[in-house]
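Q: Below is the sequence, then the predicted model.
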Amino acid sequence: MKNVKFMIQSNLSLTASVYEMRLAGDTAGILPGQFVNVQVPGFYLRRPISVCGCEEGLLTLVYKTVGHGTEAMARMQPGDTPDLLTGLGNGYDLSKAGDAPLLIGGGVGVPPLYYTAKKLLERGVTPAVILGFNTKDEIFYENEFRALGCGVTVTTADGSYGVKGFVTDALPERYTYFYACGPKPMLKAVCAKTASGGELSLEERMGCGFGACMGCSIQTANGPKRVCKEGPVFKKEDLLWED
């Protein structure tokens with residue numbers, strides 16, 4: 001974990017409620033699947049945001065406005081210098097990908113998979129990608145994944161674009177391992193319907209973001225774990241789902 005000052009380069013809307021923020025600063029050591037904690041002016045608690053992109057000196061965050069804190073983030077301007085805690089949590093283990101990995105993202109769970117896709121490509125492996133949304137107006141980053149050379153399938157719950165249904169309705173016949181991020185009902189369904197092992201990034205409310213407050217603890221097959229510290233990425237077999 002590092003405490004770093006960044007400078008906002010841009011903060012643009014992708015949909016009615018989803019924004020993309022690019023920041024300049026020290027990005028060394030940030031792994032796919034990890035998150036950062038953003039200090040927002042006027043708010044005591046930082047906002048945990050997954051890492052969408054990370055190049056030398058440039059960090060990309062894609063976030064959804066779901067409350068006063070993220071709404072304040074959306075009003076931040078180029079030139080602002082927020083304080084970030086970086087390198088938080090455990091990321092995806094890309095060594096398990098095999099030759100045909102699958103990335104499954106739902107809604108605001110899509111962003112960390114973009115950074116994951118880029119890192120898999122650097123390892124010489126091209127992943128297949130499934131992106132799930134409620135409706136056409138909520139879709140973002142489809143073209144960005146396609147520009148990487150990934151095969152992309154988009155699902156919408158209302159059928160307004162792509163495959164009508166959910167991400168589990170678009171699973172390919174063959175994949176060696178999967179990496180997923182999205183809302184809990186989606187992740188539960190993914191665990192039930194996937195034929196391979198995989199890793200899932202959980203979305204939980206966090207207080208501190210680095211394991212001190214215990215507020216994001218969940219019960220796993222290996223006992224209680226903190227999503228911000230032992231997660232946010234967990235293996236498929238470690239997760240317990242309530243009926």
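A: Arrived safely, thanks for sending. Note that the coordinates shown come from a computational prediction; the quantities given were computed from them, not determined experimentally.
Q: contacts and neighbour counts: CA atoms only from here.
A: Fine.
Q: Within its sheet, name the partner strands of the longest strand belonging to the chain and how each one runs.
A: If you go by DSSP state E, the chain has its longest strand at strand 47-55. Within its sheet, and counting by DSSP bridges, strand 47-55 is paired with strand 35-38 (antiparallel), strand 58-64 (antiparallel).
Q: Those: which one's closest to Ser17?
A: The minimum distance between Ser17 and those falls on strand 58-64, with 5.5 Å, by Cα to Cα.
Q: can you pull the buried residues of the helix or strand just after the closest one?
A: Moving toward the C-terminus from strand 58-64, the next helix or strand (DSSP states H and E) is helix 68-74. In terms of neighbour count (16 or more other Cα atoms under 10 Å), helix 68-74 has its buried residues at 69-70, 73-74.
Q: next one: stretch 4-23
A: In stretch 4-23, counting by 16+ other Cα under 10 Å, buried: 5-11, 14, 18-23.
Q: Span of it from start to end?
A: This stretch, stretch 4-23, spans 11 Å end to end (Cα to Cα, to the nearest Å).
Q: try stretch 194-213
A: 34 Å.
Q: Ok, stretch 226-241 next?
A: From start residue to end residue, stretch 226-241 stretches across 16 Å - Cα to Cα.
Q: For the spatially most central residue of the chain, which non-adjacent residue is spatially closest?
A: Nearest residue to the geometric centre of the chain (Cα atoms, centre = their mean): Pro112, 3.1 Å. Excluding the flanking residues, the one nearest Pro112 by Cα to Cα, 6 or more residues apart in numbering is Cys52, at 4.6 Å.
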